[in-house]
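Enquirer: Starting from these lines, generate the structure:
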Amino acid sequence: MAERLTREGRQVVIIDREIPGLGSTVASTAMLLWEIDRPLFELAQVYGLGKAIRCYRASHHAAQGLVCLIAHHGIACQMRPRLSLYLAVDDSPKLVRDEYAMRSRADLPSLYLDHGALQRRFGIARAGALLSRDAADADPVWLTRGLLDVSLQRGARLLKANAVAYDSAVSGITVGLESGHSIDARHVVLATGYVMPEFVKPTAQQPTSSWAIATRRQPGNLWPEQALIWEASRNYHYARTTADGRIILGGEDDHALIEPAARDEATPAKVRALRTYLKLLWPHASDHVAFSWSGAFDTTHDGLPLIGTVPGCKNIFAAFGYGGNGITFSFLAAELLATLIAGGSSPLLDDLAIDRDIPG
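Expert: Next up is the predicted model:
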């Protein structure tokens with residue numbers, strides 16, 4: 001958001017009560033996918049084909065735009081263009097075949113691989129998969145700090161502060177800080193992840209926790225083409241490689257274990273489950289765990305972000321990415337909110353509205 005708004009010449013103040021990048025960002029596995037947590041065919045069943053395709057195309061555009069933005073600024077964050085593999089989870093390829101048919105109608109860049117083709121190209125034994133281009137991976141902390149540096153070089157100001165009050169008026173917002181100081185602004189954008197002010201009351205989201213492991217360096221044991229891997233299921237596992245030859249594997253999501261102490265207590269069992277899954281997914285890999293961690297984040301019931309005006313709060317906007325596409329959705333939020341602040345509009349702002357109803 002700060003990069004997009006400073007690019008337009010706006011005066012920007014960034015408030016963070018922590019060291020930037022060391023919240024949920026540092027726990028992200030940074031798989032930069034355009035594919036949304038809910039498959040296209042399922043989203044079409046919920047909202048209709050037109051809205052579903054519009055959201056998927058917007059996510060695809062955002063993923064491409066993010067890669068171009070990082071390249072334009074020359075940000076050193078180990079960003080690498082990747083293919084993505086969306087794997088069937090049982091003995092039937094029907095779900096991924098249905099998804100492929102719908103993506104073909106939407107002209108999205110995916111290719112269906114049956115069991116034999118998947119085995120020959122990637123050495124992975126599943127009933128089928130979708131192979132898609134235009135994904136990427138990166139180091140999320142370096143990416144964040146790189147964009148922050150660009151914004152600060154343009155004149156943005158970064159304050160270590162905690163916002164505790166928001167006074168909305170016709171002409172702008174006064175943000176009260178815990179220190180007793182205040183900031184007057186024309187517009188406020190909340191990009192605070194799952195920590196929301198009490199006046200933001202969405203019903204579409206739910207907090208959850210996820211676990212991840214990183215193996216020792218093993219560049220000779222990685223799967224072909226080092227594609228990003230994830231599964232055609234609601235609570236899926238996901239895997240990628242790193243520039244120094246590690247395998248990162250995540251998943252074992254749990255909606256009941258949000259507090260840090262509860263996550264820490266569950267970590268040994270979650271790590272064992274991830275190690276077991278890694279050997280099933282890619283038996284050639286060493287399952288020696290060099291690092292393990294967990295993080296809390298929000299998901300939405302339809303897999304879409306919450307972006308737009310905060311209901312009942314004039315001049316306060318929200319950029320809540322959420323789900324497995326948080327970094328991709330952050331680029332989309334920056335584009336949409338910059339347009340909105342400039343007086344423009346987009347049908348996507350209705351699609352992604354904070355107070356939207358989700359059928360079913």
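Enquirer: CA only for contacts and neighbour counts going forward, please
Expert: Will do.
Enquirer: Give the buried residues for stretch 62-80.
Expert: 62-67, 70, 75, 77-79 (16 or more other C-alpha atoms under 10 Å).
Enquirer: Could you export those residues as TSV, including pLDDT, distance to residue 307 and secondary structure?
Expert: Below are those laid out as TSV (pLDDT from 0 to 100; distance: C-alpha to C-alpha, whole Å; DSSP: H, G, I helix; E, B strand; the rest coil):
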residue	pLDDT	distance to residue 307	secondary structure
62	97	14	helix
63	97	16	helix
64	97	19	helix
65	97	17	helix
66	97	17	helix
67	97	21	helix
70	97	22	helix
75	97	26	coil
77	96	26	coil
78	96	28	coil
79	96	25	coil
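Enquirer: which intervals of the stretch 251-360 of the chain have sub-threshold pLDDT?
Expert: Scanning the stretch 251-360 of the chain for pLDDT under 70 picks out 360.
Enquirer: follow-up on the earlier one: which of the buried residues of stretch 62-80 sit farthest apart?
Expert: 62 and 78 (18.7 Å; C-alpha to C-alpha).
Enquirer: Give me the neighbour count for residue 121.
Expert: Other residues near residue 121 come to 12 when the count uses other C-alpha atoms under 10 Å.
Enquirer: and the gap between it and residue 85?
Expert: 11 Å (C-alpha to C-alpha, to the nearest Å).
Enquirer: Please apply the same query to residue 111.
Expert: 10 Å.
Enquirer: Specify which residue of the two has the higher count of neighbours.
Expert: Comparing residue 111 with residue 85 by other C-alpha under 10 Å, the one with more neighbours is residue 85, at 27 against 17.
Enquirer: Tell me if the more buried one really is in a helix.
Expert: No - using DSSP: H, G, I helix; E, B strand; the rest coil, the assignment for residue 85 is strand, not a helix.
Enquirer: Could I get the pLDDT score of it?
Expert: As predicted, residue 85 sits at a pLDDT of 97.
Enquirer: coming back round to it: would you mind checking which of the buried residues of stretch 62-80 is nearest to residue 203?
Expert: residue 62 (24.8 Å).
Enquirer: tell me the contacts of that closest one?
Expert: Shown in contact with residue 62 (C-alpha atoms under 8 Å, 6 or more residues apart in numbering): 34, 328-329, 331-332.
Enquirer: 10 Å instead, please
Expert: 32-34, 56, 68, 327-335 (C-alpha atoms under 10 Å, 6 or more residues apart in numbering).
Enquirer: That's all I had, so thanks and see you.
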